[in-house]
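Colleague: Return a 3D structure for these sequence lines:
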Amino acid sequence: MLSAIEALNRLREGNARFVSDTRASEAAVDRLRRLQVAKNQEPFAIIFGCSDSRVPAEIIFDQGLGDLFVIRVAGNVVAPSQIGSVEFAAERFGTRLVVVLGHSTCGAVTATLEELGRPSEAQSPNLRSIVNRVRPAVQSLLAAGAASLPPRELMTLAVRANISASVNHLRHGSAILEDLERRDGLLVVGAEYSLDTGIVDFFEGLPQG
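Modeller: Have a look, this model is predicted:
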């Protein structure tokens, strides 16, 4: 199994191929690969991402069948079932890299900003549960004075604040993940995907040096 740093480098290399249109994973989705992974899997990274249809992890990282353990939910918000899914992959498969993958102009973050600006009674309780999980990170940002920023800049900061909050939640909301991080090299990082450029910017939780 790859170390967290080796896995991170492999994701970066794959994203560079995706951005430059030199993708190399065709063989990783063919019949032979399907048969190889039919009985067992060894994903080298766990991707905890947003459900947005424009952010498919296997494509933007140029990976194939069995390479990534992907968990997707609107707004990449952390709830108990998602934590359990990350724990499962980290324990069962020995995967040592977890990436919280948000993206530019995230709809869940937009909805939260709108809700904070003008609360709506018509929002369904299920949608509200997503907004409520994004809300603390965005509220902290607004309390620090970001409300006066231009909308585009505020949106960028809010997306990153939400990603960072999810990273923090995973790192400190699970005794299993905390233990794996402390003893066995688990790394939880945050990244933002640009819908315009296709580039993934890893910015949160990276090792120093």
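Colleague: Sketch out the low-pLDDT regions of the chain for me.
Modeller: Across the chain, the ranges flagged by pLDDT under 70 are 25-27, 120-122, 209.
Colleague: separation between Ile83 and Arg171?
Modeller: 11 Å (Cβ to Cβ, to the nearest Å). Placement of C-beta: from N, CA and C, glycine included.
Colleague: so where do the helices sit in this protein?
Modeller: 4-19, 31-37, 57-60, 80-93, 107-117, 125-143, 151-172, 175-183 (DSSP state H).
Colleague: Of those helices, give the one that comes closest to Val100.
Modeller: helix 151-172 (4.6 Å; Cβ to Cβ).
Colleague: what do Ile83 and Arg171 both touch?
Modeller: Leu177 (Cβ atoms under 8 Å, 6 or more residues apart in numbering).
Colleague: Give me the nearest residue to Gln76, chain neighbours excluded.
Modeller: One thing to correct before we go on: residue 76 is Asn, not Gln. In space, and not counting its chain neighbours, Asn76 is closest to Cys50: 4.7 Å by Cβ to Cβ, 6 or more residues apart in numbering.
Colleague: re earlier: let me have the helices of the chain in a markdown table, extended by distance to Phe202.
Modeller: A markdown table is the format used below for the helices of the chain (distance: least, Cβ to Cβ, whole Å):
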| stretch | distance to Phe202 |
| --- | --- |
| helix 4-19 | 7 |
| helix 31-37 | 26 |
| helix 57-60 | 13 |
| helix 80-93 | 17 |
| helix 107-117 | 19 |
| helix 125-143 | 18 |
| helix 151-172 | 10 |
| helix 175-183 | 17 |
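Colleague: Which among those is found nearest to Asp67?
Modeller: helix 57-60 (7.1 Å).
Colleague: centre of the chain versus that closest one, how much separation?
Modeller: 12 Å (Cα atoms, centre = their mean, to the nearest Å).
Colleague: Could you list the residues in contact with that helix?
Modeller: Against helix 57-60 from outside (Cβ under 8 Å, 6+ apart): 15, 18, 25, 47, 49, 63-64, 67-68, 70, 72, 101, 193, 198, 200.
Colleague: Out of these, which is nearest to Leu180?
Modeller: Ile47 (16.9 Å).
Colleague: Pretty sure the closest one sits against Asp67.
Modeller: No. Ile47 is not in contact with Asp67 according to Cβ atoms under 8 Å; the separation is 10.0 Å.
Colleague: How many residues are close by the residue nearest to Asn76?
Modeller: Cys50 has 26 neighbours, counted by other Cβ atoms under 10 Å.
Colleague: now do Gln63
Modeller: So Gln63, with other Cβ under 10 Å, has 26 neighbours.
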